[in-house]
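Q: sequence isn't available, so here's the structure alone:
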């Protein structure tokens, strides 16, 4: 009986985790197909924010956990079509000049693939949010 109870408890906690991951992913959508993302940006009349990361980069992990998951940052990121590129994906990295370098890095483009700006490194949520708002204001 204890075994069944523990099994049910485990299954319920797993289901809740999965549900929260799904909700979190619905807040902002990160694309990995660059060409598809640019087509979407043109259709939705949004600019692009492309993040270059590496799964083993501790600053990338920290940026995603502490900054990009911040509610206010997530809301502001909805103004962009978002792309994540792994720095080991040579095809994606060769799509644009200047993607190679320190990570995490953030590159901003118009839907017509014109570079707007780029920044690199870890930023706390307030600082990153301020920067995003500046980029949005400059584009208006």
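A: Received, thanks. None of these values were measured; they are calculated from a predicted model.

Q: make it CA atoms for all contacts and neighbour counts henceforth
A: Will do.

Q: next SSE downstream of the helix or strand of the chain with the lowest mean pLDDT?
A: Ranked by mean pLDDT, DSSP states H and E, the helix or strand of the chain with the weakest confidence is helix 2-27, at a mean of 47. Per DSSP states H and E, the first helix or strand lying C-terminal to helix 2-27 is strand 30-31.

Q: for the next helix or strand after that following strand, packing partners?
A: Using DSSP H and E, the helix or strand that follows strand 30-31 in sequence is helix 34-44. Contacts defined by 3 or more CA pairs under 8 Å, 6 or more residues apart in numbering; DSSP states H and E place helix 34-44 against strand 47-53, strand 80-86.

Q: tell me the most buried of these?
A: Sort the helices and strands packed on helix 34-44 by mean neighbour count, taking mean count of other CA atoms under 10 Å, and strand 47-53 sits at the top with a mean of 25.

Q: other residues contacting the helix or strand following it?
A: Using DSSP H and E, the helix or strand that directly follows strand 47-53 along the chain is helix 58-62. Outside helix 58-62, the residues that touch it by CA atoms under 8 Å, 6 or more residues apart in numbering are 53, 54, 55, 103, 104, 121, 122.

Q: so which of those residues comes closest to residue 28?
A: Nearest to residue 28, judged by CA to CA, of the contacts of helix 58-62 is residue 53 at 17.0 Å.

Q: that closest one reaches residue 84, doesn't it?
A: Yes. At 7.2 Å, residue 53 and residue 84 qualify as touching, with contact defined as CA atoms under 8 Å.

Q: from the contacts of helix 58-62, list just the buried residues.
A: Buried members of these, counted by 16 or more other CA atoms under 10 Å: 53, 54, 103, 104, 122.

Q: which residues sit against the helix or strand containing residue 76?
A: Secondary structure from DSSP H and E places residue 76 in helix 71-77. Residues outside helix 71-77 that contact it (CA under 8 Å, 6+ apart) are 27, 28, 67, 68, 125, 128, 129, 132, 133.

Q: brilliant, that's me finished.
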